[in-house]
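K.L.:
no sequence on this one, just coordinates:
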């Protein structure tokens, strides 16, 4: 359900220039087309503030609340999205400021590339996510996995003192893997 909500919000922002809220224009150095994020109109400023709140403030708030102790995930997000979010907010608050196209393009590219690397951060830091990905894509499972057997032969050595003589007895018993794990 949350994926559907995210898609609907993104779709709403994507078509908003077609409905009159902001516009599409060339981005940064003029190599790609995107929404006008440096426009000086009130229409453009309200769009940037809505983007800032929806795509930066809300996710950071949820991450801090939910994953406060998982610094790698939150840190990765902040490194990738903070420069672009701060630059956009600064542009809205300083209407007369001129921003160099390259200064605008670099944070924009980092933000866009972050979507590619985010799954890898979660794969490396979240065991549950990794388990589900490996279940969905079994081709990524390692061929050289260590297999655990249900029964393991274990030898126990006991020392007994009988009238100043030490006798050592050895016997073996079969124990399940789970029983052995609880010992260690």
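P.N.:
Sure thing, it's come through. As the structure is a computational prediction, the values presented were derived from the model and not from experiment.
K.L.:
Quick one: the helices in this protein, in order.
P.N.:
Along the chain, the segments classed as helices by DSSP state H run 2-15, 42-52, 58-67, 71-93, 101-125, 127-136, 177-183.
K.L.:
okay, these in CSV with mean neighbour count and distance to residue 29 next?
P.N.:
In short, each C-beta sits where N, CA and C put it, glycine included. Formatted as CSV, those follow (neighbours: other C-beta atoms under 10 Å; distance: least, C-beta to C-beta, whole Å):
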stretch, mean neighbour count, distance to residue 29
helix 2-15, 10, 22
helix 42-52, 16, 20
helix 58-67, 12, 27
helix 71-93, 16, 15
helix 101-125, 14, 5
helix 127-136, 11, 36
helix 177-183, 10, 58
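K.L.:
worst average pLDDT in these?
P.N.:
For the helices of the chain, mean pLDDT drops lowest on helix 177-183, to a mean of 46.
K.L.:
Can you tell me how far residue 92 is from residue 37?
P.N.:
Counting by C-beta to C-beta, to the nearest Å, the gap from residue 92 to residue 37 is 9 Å.
K.L.:
Mutual contacts of these two, please.
P.N.:
residue 48 (C-beta atoms under 8 Å, 6 or more residues apart in numbering).
K.L.:
who wins for proximity to residue 25 among the helices of the chain?
P.N.:
Shortest separation from residue 25 across the helices of the chain is recorded for helix 42-52, at 9.9 Å, computed as C-beta to C-beta.
K.L.:
report the angle between the axes of that closest one and helix 71-93?
P.N.:
170 degrees (axes from the mean of the first three to the mean of the last three C-alpha atoms, to 10 degrees).
K.L.:
What helices and strands are in contact with helix 42-52?
P.N.:
Applying 3 or more C-beta pairs under 8 Å, 6 or more residues apart in numbering; DSSP states H and E, one finds that helix 42-52 contacts helix 71-93.
K.L.:
List the contacts of the spatially closest residue to residue 45 that is not a sequence neighbour.
P.N.:
Setting aside the residues directly before and after it, residue 45 is nearest to residue 92 in space (C-beta to C-beta, 6 or more residues apart in numbering), at 5.0 Å. Applying C-beta under 8 Å, 6+ apart, we find residue 92 in contact with 45, 48-49, 52.
K.L.:
which one of those residues is nearest residue 79?
P.N.:
Distances from residue 79 to the contacts of residue 92, taken by C-beta to C-beta, are shortest for residue 52, at 17.3 Å.
K.L.:
picking up where we left off before, which one of the helices of the chain lies closest to residue 27?
P.N.:
Of all the helices of the chain, helix 101-125 sits nearest to residue 27, with 6.6 Å by C-beta to C-beta.
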